[in-house]
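# fold the stuff below for me.
(chains A, B, C, D, E and F)
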Amino acid sequence: METVKSIAPICALLVPLIAIPFIALAGQRRPNVREFWTILASVIMFLIVASMLPRVQGGEVIEYQLLTLFPGLDLNFRVDAFGLFFGLVASFLWIITSFYSIGYMRSFNEHAQTRYYICFAISLFGALGVAFAANLITILIFYEILTLSTYPLVIHEETPEAIKGARRYLTYLLGTSIAFNLPAIFLTYTVAQTLEFSNAGILAGKASPLMIAVIFILFIAGIGKSAMMPFHSWLPAAMVAPTPVSALLHAVAVVKAGVFTVLRVVFHVFGIDLLSEIGLGTALAYFASFTIIVASIMALKQDNLKLRLAYSTVSQLSYIVLGASLLSGKGMMGGILHIVMHAFGKITLFFCAGSILIAVKRKNISEMSGIGKKIPITMFAFFLGALSIIGFPPFGGFLSKWYLVLGSLEANQIPILIVILTSSFLNGAYFLPIVYRAFFGELDEKLNDAHEASSWVVVPLVLTALISMVLFFYPQPFWRLAALTVKGLTGG
Amino acid sequence: MIDYVVSKSNYWIYVVLMMIGFYAMISKKNLIRKLIGLNIFQTAVILFFISTGVKKGATIPIAFHEKGEIIRAIEALQYTNPLPHVLMLTAIVVMISTTGVALSIVIKIYDAYKTIEEDEIPDKEE
Amino acid sequence: MAEHFPILVVIIPIMASFIILLLWRTKHRYEWHITTAATFLSFLISLSLLNTVFLSGPIRYWLGGWEPPWGIEYVVDSFSGYVLVVVTLVSFVTSVFAAKSVKKEAGEGRTVSFFALYSLLAGGLYGIIVTGDLFNLYVFLEISSLAGYALVGVGKKKRAIVASYNYLILGTIGATLYLIGVGQLYIMTGTLNMADLSQKLPAIFESKVIIAAFALFIVGLSIKMALFPFHAWLPDAHGLAPSVISPILSACVIEVAAYAMMRVMFTVYTPAFVFKVVPAKEVFLLGGGVAMLVGSYLTLAQTDIKRMLAYSSVGQMGYIILGLSFANHTGLVGSIVHIFSHAILKASLFLVAGSLIYKTGITEISRLKGMGKKMPLSMATFTIGALGMIGIPLTTGFISEWKLALGALEAGKWFIVPVILLSALLNAVYFGRVIEIVWFKTDEEEGHGHKEIGKHEKTSIDEAPLSLVLPPFILVSLSIIFGIGAFIPVTLAEKAASMLLGMP
Amino acid sequence: MIWSLDFILLIFVVVCAIAAITVKDLLSAVIILAAYSFFMALLWAAMGAVDVAFTEASVGAGASTVFFIAAVFKTTRRAKG
Amino acid sequence: MKIFQLLIVLLTGGLLIYGMEDLPGWGDPSSPPSIHVSPRYIEKTVEETGTPNMVTSVLADYRSYDTLGEATVIFTAGVACLLLLRKDAP
Amino acid sequence: MIVQYENIIIKTISRILIPFIQIYALYVIMHGHYSPGGGFQGGVILGASFILLVLAFGAEASQKRISLKKLTVLASLGLLIFSGIGLVALLMGGNYLDYGKLPLPLESIPKIRAMGILGIEIGVGIGVMAIMITIFLAIASYETEGKND
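All right, here's what the predicted structure looks like:
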């Protein structure tokens, strides 16, 4: 694996930042210009990120040292296969979400749209920074930027419940980060004298198993964005945000940044050898399994569509952690692939929820009987997205779950296998009734003149639904990146 | 014991005076009385400093002179130490300055609340 | 001329105040110009001093040409140069802010004496920083304190005058205890010069007088810097002072007291005494830790924004003291960086509160609803400042927190790390509350939700004048700049810490 | 210096100090403070600190007493505690 | 309540009395202040400053900067009184 | 309290005493080199004489001789003399307040220094006198502001 220096990561990071003044200047008075800048920025950013793909696929690691805060504390960037993997997902979905946002925000004639687009750009900057960070301190900085910039998005409505939800959001994310993540980094630095990620881990052989375990627990608890129980309740609370926010940030950018950070820590700070030696991987796997099952059951009880999706996200995120914590090649592969598969599936579902809200002004599942007849495209896309999440072939979700199953077999963890299967069943149990009710239920008479939302909204969701199907047949770009990551970690 | 007390009698008195002044400052409720305590407190410190400069058998720190000419050789042992005196001149000035400012403040308090008893000043603004 | 810089930095503001009073009968008003020019000159000079010190070692200046210990000596070394730059910067920026605010708050007829006292306050603080003589420090302490007492007393609210009185009584007790300490050192050594004292003291470390004097110094200066059990005067005084004075008090006066304490601890008494002879480590650990938690906790209960900021200073002083208790280089660097970080951030927060008062007269937090839309620049400044106080990465607040926590771990005091973080969390809670109200709660009259969209899009922007918005903004941007370019303050602080600890 | 005079002065000083903070009438307290300052000045003169004694006599017993009296007249003579 | 304040006072007094034990004897001509810095003031005052009154020479020459500080203190007090009590004047 | 008292005895005695007090004060300032005293003590005594004037004749009647405006100018002037002497020394190539470098036509350094000391004593005297009266006047002639906010 060779390292090359390039400013490409910096360029990609700078794009949203440069876009901000333009967005702000266009302001409220010229919405078209403002949204043009947003879309332009998202496209450019994606292109820059994608341009790094060939080199990274060729086994290179792109590095860039931005600056040294002071000795021992550097801001460094490093694009390896894993980072690029996440960066691609986030930047690609930003484009789609931008289109969707335009439709959604205009349909509701929302207030403070300039603030919305600015914060959106900053969040993407944060997410991409997390993807490209080369050490713990850089990742922490971008992680905090992400937290803070999404706070105005969550509180966007400025209603009392939005304020309450946003308060919980900030409390959990900032609180865990300060209370657990920071001390974990302090301890890591004291023990290892470095914070740079490395394929072999930086803690191996530097501390007693007890110390390692303490640091590990602090990290897992501190990365609140991964929504592991018991630090999951911010995610349902954040559902007060406008739907595009929930879609991109709480299905992709924010939560994935969380699990991405967890995976980074597991892979590159501790190293898989150290974890399997101490047995922490298995512990984490059981912990994640617990979250998977409990969150799935809680999702069953939700009537609010977005809340149900949120709990489903909580459970699906733990799949990723579970895959990584199996510490076997196939398992890790499955976990990493699940990042992208779940992203496309879940964003479809969220887009659909938003579309339903626009079209029929309903939030609760019990009130959605028969709407499938009025908005068939949306509901069909919902169906496809749900199937992908459940893990039916021919959808992307099947691939990742298949690898997870293989991984659990490889690691001889039959209980985990059972968990995966049970949870898939539960997924079906909470998604399919919605679809059934929508197509075969009795339509409320008030909704007789309902119709599909504008094409700004519908096209993106159809697109994502189709992509999640395409990913089953053509997963190569992501698959290869994931394979490269695993190869780097297992050294073979 | 007696010897010990007498040989340091100045120090004892200074501690006693300091305690009196300090006590008045923090426990008396009348604002002007607190200032009287402050004066006593600071004077006690001055007494301490002056005591450090004393030398047995020495005279005041002004060289013997006549029309500006020195008429006797100067030896350090003949004169008390002038440095504490200088410092305490400054301390006295600080004391009167503090007193002046504090009295201005007391007058303003009286103007605002019509009282100079600490416990009669309402805790919260109305 | 450059060799006279140590004295010029002090004497310029002091002479400026004489000139202000001399000129008060002239037809035109110059007091603000003179004050600002003087503080600006001092700032430039202090920058040059810091540069010289950094490149070629400490500067010693013999006043009156008398060599120490007979004469008074001014010493600018890497520590005092650093603090001097911070304090001159804050006092200059604040004096820029003062142009408009003072007239409104103190009254037209009071501006001359106000600015004269302001210059004296600044000059007194600079004098404390550069002096190398214990008694001279006391004199300048009194200059700055007296000016401070009076300036607090002209606060707009009626109760300000009572706050001023209590500040005076406690401040005088603190200063007098310090003076007794000076006397005890004098009687044991016969000298007042700090460098000379540090030569003479090691021989008599075990003497009871020396230990008692140390206790007096610490207690006296703790009162001046409002360390936890002695903090009673601070919230009233800092919260009720005029909006120009609060930043100076919170960002400079108590910091300079902290500076004086460190000076006494490390330059006069050597680290060998502080960490080996007396149980200072334990006392500071307890004092600092409790101050942080209690200060932050008390802040939570405040409903007035200036009072809240004032209480938060109590907690922040705890950070500085805590860094001393680890007895290692990293912790001390944390303390020194925190002096800088707290000074600029707290000053900017108080200045924003000042422009809020200038514009609206509101100080209750609950009435700040919708301010974010009316005064976006000021409130953005406030928000960034608050994030810095919490210690979010890329601000100077994070640097000091990082160094303090590493210092704690290095000293094996891992149980302090949760305390630091808990305090940061409490900071986050009370600043988060304000930020939420300012940005996301709308006025009842204006309605909320997206039903009445058109309405608050059009709320007329009513920002404070530029001369009030710019100063806090400059300070906050400095916090960001030095949060990113953190090697600058850290390198300076490391040099200062090595010097204080007597390491090569 | 005369040892007994010194001792008597010290006693006087302490008595005056206690009186000054206990007397009910503030004006009397201020006058007693002036007396205290004066005795103090004598004490210092006896120790050879003539300059300090001179200053204390003019400032402590003079100027500061005048300030105190002015302030007492501006406020009130009656003190509760 | 007064007990508490009395306690503080006694504590401070106790601290001073604790330290008193090691103080040099009263009026001891060989105590550090008498032998370290002050001899130069006493012996050289006329030679160096032409002023027989040592207090004046130390006050206004050797440590004249303290005196400037002292004068500034009282100047501060004067301005402070004006600021507090006069609305019209400077 | 500065109401004019119709007391002929006080007025007459003050009229006689005040010049003597002032002369004594000047002596104290000027003779600080040789005897106890100096600028500060002299200044206080000088101030006291004017305070006596105010007490005897009332603030209104003595307005002509001492007004707050004059006093502030005097106070800052006194302090400026002091700090100015230091500055002159600095400009002449010495350190701040290094009287030895003062440009005085005297033969020996000690004598120049003695003159420097005298100069600052005068400065201190003027300043202290003015400030003592200022503080007294500020306290004694305070009128309520009726601040009721």
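
# drop to CA atoms for contacts and neighbour counts, all remaining ones
Will do.

# what packs against the one helix or strand A:Ala257 maps to?
If you go by DSSP states H and E, A:Ala257 is part of helix A:254-264. Here helix A:254-264 touches helix A:113-132, helix A:136-154, helix A:305-325, going by 3 or more Cα pairs under 8 Å, 6 or more residues apart in numbering or on different chains; DSSP states H and E.

# low-confidence ranges in chain B?
The model of chain B has pLDDT under 70 over residues B:1-7, B:66-72, B:124-126.

# what sits against E:Ile35?
By Cα atoms under 8 Å, 6 or more residues apart in numbering or on different chains, the residues touching E:Ile35 are C:190, E:29.

# now do it, the pLDDT please.
E:Ile35 carries a pLDDT value of 87.

# wait, C:Leu406 touches C:Gly331, no?
Yes. Assessed by Cα atoms under 8 Å, C:Leu406 is found in contact with C:Gly331 at 7.3 Å.

# neighbour count for the two, which is higher?
Taking other Cα atoms under 10 Å in any protein chain shown, C:Leu406 and C:Gly331 do not tie; C:Gly331 has more neighbours (31 against 24).

# for the helix or strand encompassing that one, name the packing helices and strands.
In the assignment (DSSP H and E), C:Gly331 maps to helix C:329-359. Other helices and strands packing on helix C:329-359, by 3+ Cα pairs under 8 Å, 6+ apart, are helix C:78-106, helix C:245-248, helix C:305-325, helix C:376-390, helix C:396-410, helix C:466-484, helix C:487-500.

# how about low-confidence regions in chain E?
E:1, E:89-90.

# residues touching residue 439, list them.
In the absence of a named chain, chain A is used. A:Phe439 sits next to A:369-373 when contact means Cα under 8 Å, 6+ apart.

# can you look at chain C instead?
Residues near C:Trp439 by Cα under 8 Å, 6+ apart: C:369-373.

# tell me which of the residues you listed fall in helices.
Counting by DSSP state H, the part of those found in helices is C:371-373.

# relative to chain B, which of the residues you listed is nearest.
C:Met371 (25.3 Å; Cα to the nearest Cα).

# mind checking the SS state of C:Pro393?
Here C:Pro393 is recorded as coil under DSSP: H, G, I helix; E, B strand; the rest coil.

# how many neighbouring residues does it have?
C:Pro393: 24 surrounding residues under other Cα under 10 Å.

# got a list of what it touches?
Contacts for C:Pro393 (Cα under 8 Å, 6+ apart) come out as A:140-141, A:144, C:399, C:483.

# by neighbour count, which of the residues you listed wins?
Ranking the contacts of C:Pro393 using other Cα under 10 Å puts C:Ile399 first, with 30 neighbours.

# quick one, what contacts that residue?
C:Ile399 makes contact with C:334, C:337, C:391, C:393, C:483, C:486, according to Cα under 8 Å, 6+ apart.

# redo that, cut-off 10 Å
Shown in contact with C:Ile399 (Cα atoms under 10 Å, 6 or more residues apart in numbering or on different chains): A:69-70, A:73, C:333-334, C:337-338, C:341, C:388, C:391-393, C:405, C:482-484, C:486-487, C:489-490.

# look up how far C:Gly485 lies from it.
Taking Cα to Cα, to the nearest Å as the measure, C:Ile399 and C:Gly485 are separated by 10 Å.

# so C:Ile210 sits against E:Glu21, correct?
No. Checked against Cα atoms under 10 Å, the pair C:Ile210 and E:Glu21 is beyond contact range at 11.3 Å.

# between those two, which has more neighbouring residues?
The neighbour count for C:Ile210 versus E:Glu21, taken as other Cα under 10 Å, is higher for C:Ile210 (22 against 14).

# residues of stretch A:292-307 that come out buried?
Of all the residues in stretch A:292-307, those buried under the rule 16 or more other Cα atoms under 10 Å in any protein chain shown are A:292-297, A:299-300, A:302, A:304-307.

# can you give me how far that stretch is from the chain middle?
In terms of Cα atoms, centre = their mean, to the nearest Å, the centre of stretch A:292-307 is found 18 Å from the chain centre.

# convert that stretch to PDB, retaining C-alpha atoms only.
Extracted in PDB, the C-alpha atoms of stretch A:292-307 (Å, rounded to 0.1, in the frame of the first residue of the first chain):
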ATOM      1  CA  ILE A 292     -30.800  -4.800  17.100                       C
ATOM      2  CA  ILE A 293     -33.500  -6.900  18.700                       C
ATOM      3  CA  VAL A 294     -34.800  -4.300  21.200                       C
ATOM      4  CA  ALA A 295     -34.900  -1.500  18.700                       C
ATOM      5  CA  SER A 296     -36.700  -3.700  16.200                       C
ATOM      6  CA  ILE A 297     -39.300  -4.500  18.800                       C
ATOM      7  CA  MET A 298     -39.700  -0.900  19.700                       C
ATOM      8  CA  ALA A 299     -40.100   0.000  16.000                       C
ATOM      9  CA  LEU A 300     -43.100  -2.300  15.900                       C
ATOM     10  CA  LYS A 301     -44.900  -0.200  18.500                       C
ATOM     11  CA  GLN A 302     -44.500   3.100  16.800                       C
ATOM     12  CA  ASP A 303     -47.400   4.600  15.000                       C
ATOM     13  CA  ASN A 304     -45.600   7.700  13.700                       C
ATOM     14  CA  LEU A 305     -44.000   6.700  10.400                       C
ATOM     15  CA  LYS A 306     -40.800   8.600  10.900                       C
ATOM     16  CA  LEU A 307     -40.400   7.300  14.400                       C
END
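
# tell me the mean pLDDT over that stretch?
Along stretch A:292-307, the predicted confidence averages to a pLDDT of 90.

# tell me the contacts of the closest residue to F:Gly32 other than its chain neighbours?
Of all residues not flanking F:Gly32 in the chain, F:Gly38 sits nearest, at 4.2 Å (Cα to Cα, 6 or more residues apart in numbering or on different chains). Shown in contact with F:Gly38 (Cα under 10 Å, 6+ apart): D:51, D:54-55, E:53, E:55-56, E:59-60, F:25-32, F:117-118, F:120-122, F:124-125.

# thinking again about what came up before, kindly indicate which of the ones in helices among the contacts of C:Trp439 lies nearest C:Ile19.
Within the ones in helices among the contacts of C:Trp439, the smallest distance to C:Ile19 is 40.6 Å, found for C:Met371 (Cα to Cα).

# if we can go back for a sec, which one of the ones in helices among the contacts of C:Trp439 sits closest to chain D?
Nearest to chain D out of the ones in helices among the contacts of C:Trp439 is C:Met371 (Cα to the nearest Cα; 43.5 Å).

# C:Lys359 is in contact with the closest one, correct?
No. Assessed by Cα under 10 Å, C:Met371 is found out of contact with C:Lys359, at 11.1 Å.

# now do the shared contacts for the two.
Taking Cα under 10 Å, 6+ apart as the contact rule, C:Met371 and C:Lys359 both touch C:462-463.

# more neighbours, the two?
Legend: neighbour count by other Cα under 10 Å for C:Met371 and C:Lys359, higher for C:Met371 (23 against 16).
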